[in-house]
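Chemist: Build me a model:
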Amino acid sequence: MNLWAWISLAVAIAGIGWFGFKHEKAEQARALRHMAGRPALDPQQFGDHYFASSQAAIGARLRKLLAEYFPIDLSSLHPDDALVDDLRMDSFDSMATVEFVIAIEKEFGIVIPNAAAKDMRTLRDIADFVATTLKNKPSAS
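Modeler: Numbers count the residues shown, from 1 in each chain. All right, here's what the predicted structure looks like:
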């Protein structure tokens with residue numbers, strides 16, 4: 001390849017990177033607008049505010065885990081926000097959703113079948129699944 005071909009390739013790669021960066025910033029702004037006007041809560045307050053006492057700790061742990069895989073401030077998250085449709089989690093990192101599911105499995109010592117994961121749209125859906133799974137999990141004797 002000659003010098004001009006290398007320069008053209010470098011410019012093309014930089015343009016793709018710039019577009020990806022701008023797209024991510026636009027998606028972040030969209031997600032933040034979706035959550036605007038809500039109270040800012042830390043994970044524990046989130047669990048206590050939005051979940052029954054039996055699921056408050058699960059909700060708090062899930063919110064804390066989600067923050068590790070989602071590149072925006074989640075202090076105004078509502079448990080009924082759709083992670084993909086409302087917050088566009090899939091547009092930030094194509095593997096973030098998969099990594100989040102794996103982290104949930106490790107955190108709670110459960111297995112989330114693919115069929116069940118596909119039906120989980122919100123943090124509340126996930127909390128309900130985790131609570132039910134833990135409730136039905138045979139205890140270690």
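Chemist: Give the next helix or strand downstream of whichever strand or helix holds Q28.
Modeler: Q28 is part of helix 3-35, with elements assigned from DSSP states H and E. Using DSSP H and E, the next helix or strand after helix 3-35 towards the C-terminus is helix 43-50.
Chemist: could you give the mean pLDDT of that following helix?
Modeler: Computed over helix 43-50, the mean pLDDT rounds to 95.
Chemist: Next: stretch 57-75.
Modeler: Rounded mean pLDDT across stretch 57-75 is 92.
Chemist: Contacts for it next, please.
Modeler: Contacts to stretch 57-75, defined as CB atoms under 8 Å, 6 or more residues apart in numbering, come from residues 24, 28, 31-32, 35, 40-44, 46-48, 50-51, 77, 79, 83, 87, 89, 92-93, 96-97, 99-100, 103-104, 107-108, 123-124, 126-127, 130-131, 134. In short, each C-beta sits where N, CA and C put it, glycine included.
Chemist: Next, the buried residues of that stretch.
Modeler: With burial defined by 16 or more other CB atoms under 10 Å, the residues of stretch 57-75 counted as buried are 57-66, 69-70, 72, 74-75.
Chemist: So which residues make contact with stretch 32-49?
Modeler: By CB under 8 Å, 6+ apart, stretch 32-49 touches 55-61, 63-64, 67, 72-79, 81, 86-87.
Chemist: try 6 Å
Modeler: The contact list for stretch 32-49 (CB atoms under 6 Å, 6 or more residues apart in numbering) reads A56, G59, A60, R63, K64, S75, S76, D86.
Chemist: taking those residues one by one, which sit in strands?
Modeler: Of the contacts of stretch 32-49, none are assigned to strands by DSSP state E.
Chemist: Distance to K118 for those - can I get that in a markdown table?
Modeler: Formatted as a markdown table, the contacts of stretch 32-49 follow (distance: CB to CB, whole Å):
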| residue | distance to K118 |
| --- | --- |
| A56 | 26 |
| G59 | 21 |
| A60 | 25 |
| R63 | 21 |
| K64 | 24 |
| S75 | 28 |
| S76 | 27 |
| D86 | 17 |
